[in-house]
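Participant: Prediction below, plus the sequence it came from.
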Amino acid sequence: MFVHNGTIRGFEAIKRELVLAISPELYGDIKGTTDSEIMFYLALSFGMADDVNAGVARMVGLIEQLGRQNGIDNPVQMSLGISDGRSLYGFRYFLRVELTIKPDGFLTEDVFGGVEVNDRGAVPNQGA
């Protein structure tokens with residue numbers, strides 16, 4: 001089971017590169033067009049069946065890398081629920097953005113940490 005709530009910002013701009021990173025053996029199983037399905041097949045391609053944390057971390061890392069290369073700020077915001085029928089995994093990956101109205105009427109944006117998903121699981125971002 002793979003449950004995703006969130007978004008890939010700028011998905012259409014990086015979709016082709018994401019799809020090309022999916023294992024050829026899995027590509028034919030893709031039925032839809034959503035970012036959720038692409039994330040699932042990327043994580044599977046990156047070893048999620050053997051190591052859930054590593055597969056998810058590599059998937060997020062690729063999206064972040066392609067986002068940066070395409071000028072997309074904070075490309076991944078997600079909550080994931082994953083189960084193999086024996087274990088249940090939960091992930092939350094985000095950057096909290098706080099909007100403030102300055103005295104001159106303009107908005108400012110402050111970004112606060114979040115979590116980093118890596119091969120050790122979800123750990124607090126150093127900037128949090």
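Facilitator: Looks like it came in fine.

Participant: in this structure, what spans have low per-residue confidence?
Facilitator: Applying pLDDT under 70 to the chain flags residues 95-128.

Participant: mind running it again at 80?
Facilitator: The model of the chain has pLDDT under 80 over residues 94-128.

Participant: Which parts of it are strands?
Facilitator: Secondary structure of the chain (DSSP state E): strands at 2-8, 76-83, 88-93, 96-101, 107-112, 115-118, 121-124.

Participant: Now the third one: buried residues?
Facilitator: What that stands for is strand 88-93. Across strand 88-93, burial judged by 16 or more other Cβ atoms under 10 Å covers 89, 91, 93. The C-beta positions use only the backbone N, C-alpha and C, and glycine is treated the same way.

Participant: How far does that strand sit from its chain's centre?
Facilitator: Relative to the centre of its chain, strand 88-93 is centred 11 Å away, using Cα atoms, centre = their mean, to the nearest Å.

Participant: quick one: residue 10 from residue 63, how far?
Facilitator: Note on residue 10: its distance to residue 63, by Cβ to Cβ, to the nearest Å, is 10 Å.

Participant: actually residue 93, not the one I typed
Facilitator: From residue 93 to residue 63 the distance is 10 Å (Cβ to Cβ).
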